[in-house]
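J.: pasting a predicted model and its sequence here:
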Amino acid sequence: MLSPPAPRLNIADTLRIITRVWWHEFASVTLLGFLLVLLPDVVLALAFGPAAGGIGGGDDGTIVWTVLGVCLMLYGAAVAFGIVVGLRDGQLRPGAFVTAGLAAAKPGLLTALVLGTAALLVSVPFALDDRIGSHGLLPMVSLALLLFGTAALLPAVPAAVAERLAPIDALKRAAELTRGHRSRLAGLLLVLALGLLPPIGLIQLVMFGPHATPDSAFKLQENWTFVEPRLWIGFLSDLLFAGLAACVPPVVYSELVRLRQAGR
């Protein structure tokens, strides 16, 4: 007698869970975001100027993006722990969510640093495109690799914090969990990206106008002060989008673990 097929990840159900978790954990995720997203944004803007993180920021921009990147990785790891625990054992209070998440974040941060390094290597073809003259072929290959790699390793950070795994073991665990689901995970990522394009475009329109270019946006930001409303629109949109994005890996991890257990 043939065994029933293994259960597959449902994109629509996963999207609903992500939205529900983000809404239910909004206070906790936002509180942590104030510490690791909004506060670093403000401090770095005070130290280097509001335009330092944009194209043309030079060495200051490198420092800004490095610090923000590490803060976002720590944020993602802490949020992942709180959400995985909440889905498994019941929702944590905001204070416990923050303290427990930060205390458990180290394996996830280390794993995120490895993933970030790999993403930088994959992005090298973007810089080489003009020099080699591939007419966009190298960036297309890079995007395809990035999408496949993200789909294959999406649950790595929550696996690291939930199962206390070293980076290599977390990557192996993620690859094991996503096997058989990677095309659906790629579809999930594409749906999320397409869904976020309109609000991101609207925010960019409000902040920089309808005909903005990277250069014009940089010059505009150079003249902003901390009483400029558009600067705070940028800060708060970073906080909201980071919170939503941070909910995706732990929900996917929890769903894949549930499916793996259901298929046994």
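T.: Right, received. Where do you want to start?
J.: gap between the two ends of stretch 87-107?
T.: Its first and final residues considered, stretch 87-107 spans 20 Å by C-alpha to C-alpha, to the nearest Å.
J.: what about it, average pLDDT?
T.: Regarding stretch 87-107, the rounded mean pLDDT is 95.
J.: stretch 228-236 too?
T.: The pLDDT scores in stretch 228-236 average 89.
J.: name the residues that touch that stretch?
T.: For stretch 228-236, contacts defined as C-beta atoms under 8 Å, 6 or more residues apart in numbering pick out 38, 41-42, 45, 50, 203, 206-207, 221, 224-225. (C-beta placed from N, C-alpha, C; glycine too.)
J.: stretch 81-96 now?
T.: 21, 24-25, 27-29, 31-32, 97-98, 100-101, 104-105, 108, 158, 161-162, 247, 250-251, 253-254.
J.: how does it look with 6 Å?
T.: 21, 27-28, 31, 97, 101, 104, 158, 161-162, 250, 254 (C-beta atoms under 6 Å, 6 or more residues apart in numbering).
J.: quick one on the thing from earlier: flag whichever of the contacts of stretch 228-236 scores worst on pLDDT.
T.: The model is least sure about Pro50 among those, giving it 78.
J.: name the SS class of that residue, please.
T.: Look at Pro50: counting by DSSP: H, G, I helix; E, B strand; the rest coil, its state is coil.
J.: what is the neighbour count of it?
T.: Around Pro50 sit 24 other residues, with neighbours defined as other C-beta atoms under 10 Å.
J.: please apply the same query to Leu115.
T.: Leu115: 22 neighbours (other C-beta under 10 Å).
J.: can you tell me what sits against the helix or strand it falls within?
T.: Counting by DSSP states H and E, the element that carries Leu115 is helix 106-122. If you take C-beta under 6 Å, 6+ apart as the criterion, helix 106-122 is touched by 73-74, 77, 80, 142, 145-146, 156-157, 160-161, 164-165, 167, 170.
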